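[1] Okay, predicted coordinates and the sequence, questions at the end:
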2 protein chains.
Amino acid sequence: MRYSESRKAETHQKLLKIASRALREKGPDNLAVAEVMKEAGLTHGGFYAHFKSKDALLSEALMAVFARAGANIDRMTEGLPPRHALATYIDFYISPRHRDNPSTGCPITALNSDTPRQSPKFRETFDQGVKYLVARIAGWLAAGGHSEPDALAASVLSAMAGAVAVSRAVSDKGLSDEMLEAARAGIKARLGVSDVELSRSVN
Amino acid sequence: MRYSESRKAETHQKLLKIASRALREKGPDNLAVAEVMKEAGLTHGGFYAHFKSKDALLSEALMAVFARAGANIDRMTEGLPPRHALATYIDFYISPRHRDNPSTGCPITALNSDTPRQSPKFRETFDQGVKYLVARIAGWLAAGGHSEPDALAASVLSAMAGAVAVSRAVSDKGLSDEMLEAARAGIKARLGVSDVELSRSVN
DNA sequence: CGGATTATATGACGAGTATCATATAAAACG
DNA sequence: CGTTTTATATGATACTCGTCATATAATCCG
């Protein structure tokens, strides 16, 4: 069939959106092409008119997720001074809400142990996303007078991702909550932003 | 066939050993029962004489991995005062060697984003392992005079796992190395053990 | 030594997977 | 309006996987 001119692009975007949720919820390997198509109201065979392979879908979806994460940071920290922006991001990231909603959360947290087993293309996209987030954090740190902001930012990002990922993996809620809260407090203390309260509603 | 009396137990252990490597290397979903059997020199059908399901194998293998991790900590820190033991463990954990050898490394690092998608039984085993490692770290922290050693230990463990997991996921070696080193230095500084050099050969 | 036991082998089943060749029908366009 | 284009549908292929029923043969035990 041949639908209206923009129809294919719409379908492409719809597939990407579905895949970007499923990617974080089920992981790259358990995401099934046929299921993504079904959720979009299509049949499996037509998939290859939109993406040249499952891997292409995964990589493109991952890129879209990182792009959206950047937009979310913009919105969340708009107009805030560096220390407040940093504290806001940490409070947003290391939270029960983020932990409990992997399908809309940070892909670094959701995919960190899956990624080493993925294709080079997927991993390169992952790299780009990590570098982007490191740069955002490093910007706040540099403005706050920290030396070596890039290295510190990378370390902080990995600690945040680890805190949420492990608290997600653990099924004991008490341990999970305790781990999350201690990590949040510890990281904020380390960066000297413990005094900054969550300054705007998150998300 | 019916082999010598202890033969079944030996095979069981052999399967566990193979599975515990494959589990960390390929993840729980990509580990194939038939491949484990093949590596043991057996055929796939006999598997169910040893384990009642793939999930039982995974859970038992995970438990074995945590047990071995505990033994490794004992060996690594034997006779060391608490601060030295802690510094030794951190240096061992957050290292290029650990990053580059997932199949023999810590399962928290190797499986943190896979675990939320696994069976309740597997996750309970994961819980036990996390609690065990938290307790080990908390012991050192308590001896060092830290308040709330359990919460701090949980936070530190998640930061260590995150550092190694993300540095493993990232394919840019420069970024990976930088992240690892900054995390190692940052965590040791936070715990006041920066002055303690790696006091014995690791492993 | 010979029958009972059982660890392992053989082979099959059904489900799920990515991929692709071909068919179809709806829209675009001359 | 009729032809061309192409997004989507249908259906097939060729895997891989977990699981299990059954067969086999090596050891144990009487």
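    That came through fine.
[2] can you tell if stretch A:50-57 touches chain B?
    No: using C-beta under 8 Å from any C-beta of the partner chain, stretch A:50-57 never reaches chain B; the gap is at least 14.9 Å. Yep, even glycine has a C-beta here, placed from its N, CA and C like the rest.
[3] now that stretch, how far from the centre of its chain.
    Averaged C-alpha coordinates place stretch A:50-57 at 21 Å from its chain's average position (C-alpha atoms, centre = their mean, to the nearest Å).
[4] same question, stretch A:135-146
    For stretch A:135-146, the distance to the chain centre is 20 Å (C-alpha atoms, centre = their mean).
[5] Beyond the helix or strand hosting A:Ile90, next helix or strand please.
    Here A:Ile90 is covered by helix A:82-93, with elements defined by DSSP states H and E. Next helix or strand after helix A:82-93 toward the C-terminus (DSSP H and E): helix A:96-99.
[6] residues in contact with that following helix?
    Around helix A:96-99, the neighbours that count as contacts under C-beta atoms under 8 Å, 6 or more residues apart in numbering or on different chains are A:92, A:105-106, A:109, A:164, A:167-168, A:176-177, A:180, A:202-203.
[7] Pick out the residue of chain A closest to chain B.
    Distance from chain B to each residue of chain A (C-beta to the nearest C-beta) is smallest for A:Gly162, at 1.7 Å.
[8] show me what contacts that residue?
    Taking C-beta under 8 Å, 6+ apart, we find A:Gly162 in contact with A:112, A:183, B:112, B:158-163, B:165-166.
[9] Over to A:Ala138?
    Neighbours of A:Ala138 in contact, by C-beta under 8 Å, 6+ apart: A:149-150, A:152-153.
[10] Check whether the helix holding A:Ile90 comes near chain B.
    No: Helix A:82-93 is not in contact with chain B by C-beta under 8 Å from any C-beta; minimum separation 11.6 Å.
[11] and that helix, what other elements does it pack with?
    With contacts taken as 3 or more C-beta pairs under 8 Å, 6 or more residues apart in numbering or on different chains; DSSP states H and E, helix A:82-93 sits against helix A:54-77, helix A:120-143, helix A:149-169, helix A:173-190.
[12] what's the most buried one of those?
    The highest average neighbour count among those, using mean count of other C-beta atoms under 10 Å in any protein chain shown, belongs to helix A:149-169 at a mean of 27.
[13] got the angle between the lowest-mean-pLDDT helix or strand in chain A and helix A:120-143?
    Sorting the helices and strands of chain A by mean pLDDT, DSSP states H and E puts helix A:7-26 at the bottom, at a mean of 94. Calculated by axes from the mean of the first three to the mean of the last three C-alpha atoms, to 10 degrees, helix A:7-26 forms an angle of 80 degrees with helix A:120-143.
[14] Work out the gap between helix A:7-26 and the centre of the chain.
    Worked out by C-alpha atoms, centre = their mean, helix A:7-26 lies 15 Å from the chain centre.
[15] Now look at it and say if it contacts DNA strand C.
    No: using C-beta under 7 Å from any atom of the strand, helix A:7-26 stays clear of DNA strand C, with a minimum separation of 7.6 Å.
[16] what comes up buried for that helix?
    Neighbour-count burial for helix A:7-26 flags A:11, A:14-26 (criterion: 16 or more other C-beta atoms under 10 Å in any protein chain shown).
[17] swap in stretch A:110-119?
    Using 16+ other C-beta under 10 Å as the test for burial, stretch A:110-119 gives A:110-118.
[18] so where's chain A uncertain?
    Scanning chain A for pLDDT under 70 picks out A:1-6, A:197-203.
[19] In it, which residue sits nearest DNA strand D?
    Proximity of chain A to DNA strand D (C-beta to the nearest atom of the strand) peaks at A:Gly45, 1.7 Å away.
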